[in-house]
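*Asks:* From the sequence below, what's the structure:
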Amino acid sequence: MAEDELAAFRERWKHELTSKKDEQRLVCAPSPSWVNAGQADQRDLKNRYFEEKNNNPTKPEKDGCTRNEASVKAGRGSTAAGCEDQPEYVSIARSLLDGRCSPLLDRIQEERSRRKREYQSTSSESLQPQTKTRKEEKLVDQLIEDLNEVNDIPFFDIELPYELALKIFQYLSCTELGRCAQVSRAWRVLAEDGVLWFKMCMNEGYHQGASVSDSPCWKSTLRDCRSSAKTVCFNWKNRVGSISQLQFELGKVLCDVSSCDNFVLAGYTSGDVRLWDTLHWDSTATYLKTNSLSANTEPRPHVSHVQVSGTVAAAAYEDGCVDLWSTETGGEPIHHYQSPGRVQTLALSCDSPVLGSSAGPDIRLDCADERGYWRTIYQAQLPKTVESLVLVPGRRQQHPLAALAAEEAVYLLDPREDEPRTLHSVYGHPVTCLDASESDVAFGVKRSGWAMHDGGNKIHIYSLETGKPVACVGNSPGDFTCINLRDSPPHLLVCGNKDRRVRVFDLRAGSSVASLYAHHLGVTSAQIDDWKIVSGGGEGLVCVWEMRMGAKLWEMHNRHPVRHVRFNTSTLLTANIPDDKSPRGACITDDDLTAHRRHRGVICHYDFSEDALSQDHILPICRSNYTESYGYNYNISLAVPYDRLSGSHPSH
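*Replies:* Numbering: from 1, shown residues only. Got it, this is the predicted structure:
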């Protein structure tokens, strides 16, 4: 209430009290004889008091005070007796002061009905001009109206449209919506609106791409999603789930592994490429046929690089051939080309059909058109050999963008430009690793010789939009071996170093968030999310860390270096790829170089979902009848309790 309104309210209150008091005096006035008698008694009492005081000056005034008090009490009693018929607002005010509101209940209910009838008549006759002379409201009516606004909440019931009220409620959290639902029926309808809980579910990352009609109660859906996420987090921390090994080729060595969503792609020294769908374990690995040129070559060339996305899979061979398959159909390649030399790098966009490759200084970009036909959209040649190539995610199919590193220079490749644009180049400081997100590109720079005094090895982050440096982090004597910017949370970056540490940097402040001593042979791969870090090392150890506390939760070990680590909410995929692709066989006289199991490498798939232990998620080896020739690869007899995930099948 404004100051002027408050002052007017006080004046009206004072005026009503004065007028009511005058009326009360007129009603409760005594008869003239009583008045004369009372006045005479008062004069006699006063004269007697002064006479006694003059005659007895040393006597205390106790008796006089007693008489005065008695007279005052008598006056009060006469006033109360004469004013029993008090105004209504006095009794209401006294009841409010004493905490009793029962006298107002009937009036409040009548006022509610009156307001609703008035609103209905006003809304029905809103088109007709009305001129009403509003009577001056009494103070009691105004008090009842204020109480009505507090109790009946007409702001949302009558005056405010439902859509606007829903717009206000969408800024509340789950706890606040629950409290609002207990206020009234109208607020409960608003707080339990399906659109409101659907948006909240989308904002928290659950059921992306769904529509409002997909669930009858989005409030229950959000509660179930949160409960499931809590269970999955518990399973991650306590290593509760199932584990399976995706070994396919007997006697051949694993060369490279790539994963995207539920697809896992692996290439072997035999020249074979295998594709798994981790959501359907009953289906065997899809056999991707090799092109006729590589298939007819004896011995068949090794697979050097593989890449997979949600729609296509690609593989590059030692002889320079590149094949591309569809993940839906498999079988024959849908695209094939021959590079002039051995393919050094292979990159596949995760969200658009764009394939990039480099052979020496030559760069090539291939893209699918609207009809699904693949063609070359860009070719260029750099002065130095390309060592790293990444495609920028989040770009449209018509405008792909690639970042590549060639010794000490980092280039930005845009098919709409004639020449690659130099992003960073410092003579004598080679680039050791490279990664890119939708807005930035990050790369590690090696410092040596005279430049060691300026802080050692650094990681530079450049903006793809402006081409200017955004941040420079790191101060390590060792070379950076891996960077993961694409899969990291916003404004965070995780990297591994030869100094055995995994580091997490905040790009906004340019400071280190975590620095963990992880792997004694150097860090080879790493990934983070909001609360955990998963790292792999050259000694074959996979470690899961709690980022906030910097504590190791658990670890798993295999023989070969960990070259691939990728996880999502409930699954983790790791690949231990050996450095030696042509080891000696089990027998020294073997000429076919059939590799023993300890030389082949392994792909491990961990499932931490809450239903990972159900019947539908039993691992393939548990459903096997052990008659297949590859059953022995699981080494069932060598499994020990502390090597298995908690709660997994005894035969793992």
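*Asks:* what residues are up against C433?
*Replies:* Listed by C-beta atoms under 8 Å, 6 or more residues apart in numbering, the contact set of C433 reads S388, F443, G444, F480, T481, C482, I483, C495. Yep, even glycine has a C-beta here, placed from its N, CA and C like the rest.
*Asks:* okay if I get the residues you listed as TSV plus secondary structure, neighbour count and pLDDT?
*Replies:* What follows is the contacts of C433, written out as TSV (DSSP: H, G, I helix; E, B strand; the rest coil; neighbours: other C-beta atoms under 10 Å; pLDDT from 0 to 100):
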residue	secondary structure	neighbour count	pLDDT
S388	strand	19	94
F443	strand	25	95
G444	strand	25	94
F480	strand	25	94
T481	strand	20	94
C482	strand	24	95
I483	strand	24	96
C495	strand	26	96
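*Asks:* And the strands in the stretch 151-300 of the chain?
*Replies:* For the stretch 151-300 of the chain, strands defined by DSSP state E, counting those that start in this stretch occupy the ranges 242-245, 254-260, 263-268, 273-277, 286-288.
*Asks:* Tabulate these in a markdown table, adding columns for mean pLDDT, distance to G360 and mean neighbour count.
*Replies:* Putting the strands of the stretch 151-300 of the chain into a markdown table (pLDDT from 0 to 100; distance: least, C-beta to C-beta, whole Å; neighbours: other C-beta atoms under 10 Å) gives the following:
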| stretch | mean pLDDT | distance to G360 | mean neighbour count |
| --- | --- | --- | --- |
| strand 242-245 | 86 | 36 | 20 |
| strand 254-260 | 94 | 19 | 23 |
| strand 263-268 | 93 | 21 | 24 |
| strand 273-277 | 90 | 23 | 21 |
| strand 286-288 | 73 | 26 | 18 |
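*Asks:* among those strands, which is nearest A402?
*Replies:* Between A402 and these, the tightest spacing by C-beta to C-beta is seen for strand 254-260, at 17.2 Å.
*Asks:* quick one: strands adjacent to the closest one?
*Replies:* Within its sheet, and counting by DSSP bridges, strand 254-260 is paired with strand 263-268 (antiparallel).
*Asks:* Present the strands of the stretch 151-300 of the chain as JSON lines; the columns should include distance to K581.
*Replies:* Compiled in JSON lines, these are given as follows (distance: least, C-beta to C-beta, whole Å):
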{"stretch": "strand 242-245", "distance to K581": "20"}
{"stretch": "strand 254-260", "distance to K581": "6"}
{"stretch": "strand 263-268", "distance to K581": "9"}
{"stretch": "strand 273-277", "distance to K581": "15"}
{"stretch": "strand 286-288", "distance to K581": "20"}
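*Asks:* In the chain, what residue spans correspond to helices?
*Replies:* Per DSSP state H, the chain has helices spanning 3-27, 32-55, 62-82, 88-97, 105-124, 139-152, 154, 162-169, 174-180, 185-191, 194-203, 218-238, 292-295, 620-623. These are given in chain order.
*Asks:* Least reliable of those helices by average pLDDT, please.
*Replies:* Comparing mean pLDDT over the helices of the chain, the weakest stretch is helix 62-82, at a mean of 43.
*Asks:* tell me the domain ranges of this protein?
*Replies:* Domain assignment for the chain, taken from the TED database, gives 156-202+219-238, 431-582.
*Asks:* what's the least confident stretch among those?
*Replies:* Comparing mean pLDDT across the domains of the chain, the weakest is domain 156-202+219-238, with a mean of 86.
*Asks:* picking that back up, dump the contacts of C433 into a markdown table; add distance to R300 as well.
*Replies:* Output for the contacts of C433, formatted as a markdown table (distance: C-beta to C-beta, whole Å):
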| residue | distance to R300 |
| --- | --- |
| S388 | 27 |
| F443 | 35 |
| G444 | 35 |
| F480 | 35 |
| T481 | 31 |
| C482 | 30 |
| I483 | 34 |
| C495 | 37 |
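*Asks:* Out of those residues, which is nearest to G536?
*Replies:* Taking C-beta to C-beta as the measure, G536 sits nearest to C482 out of the contacts of C433, at 8.9 Å.
*Asks:* my read: H460 touches K446, true?
*Replies:* No: H460 sits out of contact with K446 when judged by C-beta atoms under 8 Å, with a separation of 11.8 Å.
*Asks:* circling back: so which of the strands of the stretch 151-300 of the chain is nearest L346?
*Replies:* Across the strands of the stretch 151-300 of the chain, the minimum distance to L346, taken as C-beta to C-beta, is reached by strand 254-260, at 8.8 Å.
*Asks:* pull the CA atoms of that closest one into CSV?
*Replies:* Provided in CSV are the C-alpha atoms of strand 254-260 (Å, rounded to 0.1, in the frame of the first residue of the first chain):
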residue,chain,number,x,y,z
LEU,A,254,43.4,-55.6,-32.6
CYS,A,255,44.4,-52.4,-34.5
ASP,A,256,41.9,-49.7,-33.8
VAL,A,257,38.6,-49.1,-32.1
SER,A,258,35.9,-46.4,-32.4
SER,A,259,32.5,-46.0,-30.7
CYS,A,260,29.5,-43.8,-31.0
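*Asks:* Tell me who's in contact with the residue nearest to D277 when sequence neighbours are not counted.
*Replies:* For D277, the nearest residue in space outside its immediate sequence neighbours is N262; the separation is 5.8 Å by C-beta to C-beta, 6 or more residues apart in numbering. For N262, the contacting residues are D277, T278, L279, taking C-beta under 8 Å, 6+ apart as the criterion.
*Asks:* Quick check: the first one vs S525, distance?
*Replies:* With distances defined as C-beta to C-beta, to the nearest Å, the gap from D277 to S525 amounts to 23 Å.
*Asks:* Over to the second one?
*Replies:* Distance from T278 to S525, counting by C-beta to C-beta: 19 Å.
*Asks:* if you count what's nearby, which of the two comes out ahead?
*Replies:* Comparing T278 with S525 by neighbour count (other C-beta atoms under 10 Å), the higher total belongs to S525, at 23 against 16.
*Asks:* Cross-check the contact I'm expecting between that one and G538.
*Replies:* No: using C-beta under 8 Å, S525 and G538 do not qualify as a contacting pair, with a distance of 10.1 Å.
*Asks:* shared neighbours, these two?
*Replies:* Residues touching both S525 and G538 (C-beta under 8 Å, 6+ apart) are V562.
*Asks:* just to revisit the earlier point, just curious, which of the contacts of C433 is nearest to D366?
*Replies:* For the contacts of C433, the closest approach to D366 (C-beta to C-beta) belongs to S388, at 18.6 Å.
*Asks:* In contact with the closest one, which residues are there?
*Replies:* Per C-beta under 8 Å, 6+ apart, neighbours of S388: T345, L404, A405, V431, C433, L434, F443.
*Asks:* got it, and L391?
*Replies:* Contacts for L391 (C-beta under 8 Å, 6+ apart) come out as A347, L348, S349, V354, G356, P400, L401, A402, A436.
*Asks:* Dump those to a markdown table, plus neighbour count.
*Replies:* Listed next are those as a markdown table, based on neighbours: other C-beta atoms under 10 Å:
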| residue | neighbour count |
| --- | --- |
| A347 | 22 |
| L348 | 24 |
| S349 | 24 |
| V354 | 27 |
| G356 | 25 |
| P400 | 24 |
| L401 | 23 |
| A402 | 24 |
| A436 | 25 |
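*Asks:* Which members of the residues you listed occur in strands, if any?
*Replies:* In strands, judged by DSSP state E, the following of these are found: A347, L348, V354, G356, A402, A436.
*Asks:* which one among those residues gets closest to S488?
*Replies:* A436 (11.8 Å).
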